[in-house]
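build me a model:
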Amino acid sequence: MFLDEVSVLTKQGLKAAYMPVEANERFYKGKLLASQNIKHNLMNYERFFVRYDDFSFNRPENRLIKSTLLFLLKQTADSRNRHNAARLLTFFEGVDFSESYESDFSKCISDRSMSHYDKALSWCRVFLKGNSFTAFAGSEVALALLFPMEKIFESFVAAKFRKHLGSGVSLRTQDNRYSLFDSPTRAFALRPDLVLESGERTVILDTKWKLLSDNVRNNGISQSDMYQMYAYSKKYDADGIVLLYPQSDSVSKGEIRYASDDNVKVDVSFIDLRNVDSSIANLISIVC
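The predicted structure is shown next:
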């Protein structure tokens, strides 16, 4: 999500600002710093030690974002994330890496003109300072609680599947080969979260960030989700359809199966987030 935020910033255009510069220049502009000029140029009359304002992208907000991109590039093993981080770094040429995180965070400007930087800088605090979300104050708490958990759950499960799948099984994420209707033009795209293919066998899995319960109708599974699974089954001619939910103590059954007269079967399975690897490995052994 940090990479997504930075991608949006680069499309909108990075913000530049007048930044104070102190340097020993060949030309005179701004204000001459007399003591430094004597120290550096007592015998060198071709230079002037001056302070001036330079309109530059090298402002603290951009330095922090560039430093976070480098940090993630070194930390992540995911090839797609590495590629995106490296690509985004090219937009920050002319921007230095932050030499002091604390100093640069204290210099960040918080006003309407910089509001579109807020989310990216919140992530910078998480990665560079090791902040947890509970360390934030005011509106930043609300921001932390509004992160799309369904996307996090989907990406997390996909990464775990990649780790446990054997060499004979391929995994597609957010597959878009089919639409609900094919004419006159493709319309109402179908995009299952996970598609497992092994030889002629195809299994569709869709993740749902929701806690089910025995105390509500259909355990809390929405009708629209089942319509979606039915469409996946028909379009992909799938051998298996699985809805994946986080495990909940409010559900007594380990698995639930729905079946129709036209041979559509939808299995509801659960991922134990306290023992994810075991849950994924067991599920793969069943569906593959």
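
okay, CA-based contacts and neighbour counts for the rest of this
Fine.

hey, where'd the strands end up in the stretch 51-200 of the chain?
Under the criterion DSSP state E, counting those that start in this stretch, strands of the stretch 51-200 of the chain are mapped to 170-173, 179-181, 187-189, 194-198.

most packed of these?
strand 194-198 (a mean of 19; mean count of other C-alpha atoms under 10 Å).

list the helices and strands that strand packs on?
Under the contact definition 3 or more C-alpha pairs under 8 Å, 6 or more residues apart in numbering; DSSP states H and E, strand 194-198 sits against strand 170-173, strand 201-207.

CA atoms only: put the shortest one into PDB for me.
Read it as strand 170-173. Extracted in PDB, the C-alpha atoms of strand 170-173 (Å, rounded to 0.1, in the frame of the first residue of the first chain):
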ATOM      1  CA  SER A 170       0.600 -22.700 -11.100                       C
ATOM      2  CA  LEU A 171      -1.000 -19.800  -9.200                       C
ATOM      3  CA  ARG A 172      -2.700 -16.900 -10.800                       C
ATOM      4  CA  THR A 173      -3.800 -13.900  -8.700                       C
END
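
neighbouring strands - and their directions - for it?
Sheet pairing here is set by DSSP bridges, and for strand 170-173 it gives strand 194-198 (antiparallel).

dump the strands of the stretch 51-200 of the chain into a markdown table; add mean pLDDT and distance to residue 88 as well.
Putting those into a markdown table (pLDDT from 0 to 100; distance: least, C-alpha to C-alpha, whole Å) gives the following:
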| stretch | mean pLDDT | distance to residue 88 |
| --- | --- | --- |
| strand 170-173 | 93 | 23 |
| strand 179-181 | 91 | 32 |
| strand 187-189 | 87 | 29 |
| strand 194-198 | 94 | 27 |
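
between these, which one is nearest to residue 100?
Nearest of the strands of the stretch 51-200 of the chain to residue 100, taken as C-alpha to C-alpha: strand 170-173 at 39.0 Å.

any chance of the strands of the stretch 51-200 of the chain in JSON lines, with distance to residue 41 too?
Shown next, in JSON lines, are the strands of the stretch 51-200 of the chain (distance: least, C-alpha to C-alpha, whole Å):
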{"stretch": "strand 170-173", "distance to residue 41": "63"}
{"stretch": "strand 179-181", "distance to residue 41": "72"}
{"stretch": "strand 187-189", "distance to residue 41": "69"}
{"stretch": "strand 194-198", "distance to residue 41": "67"}
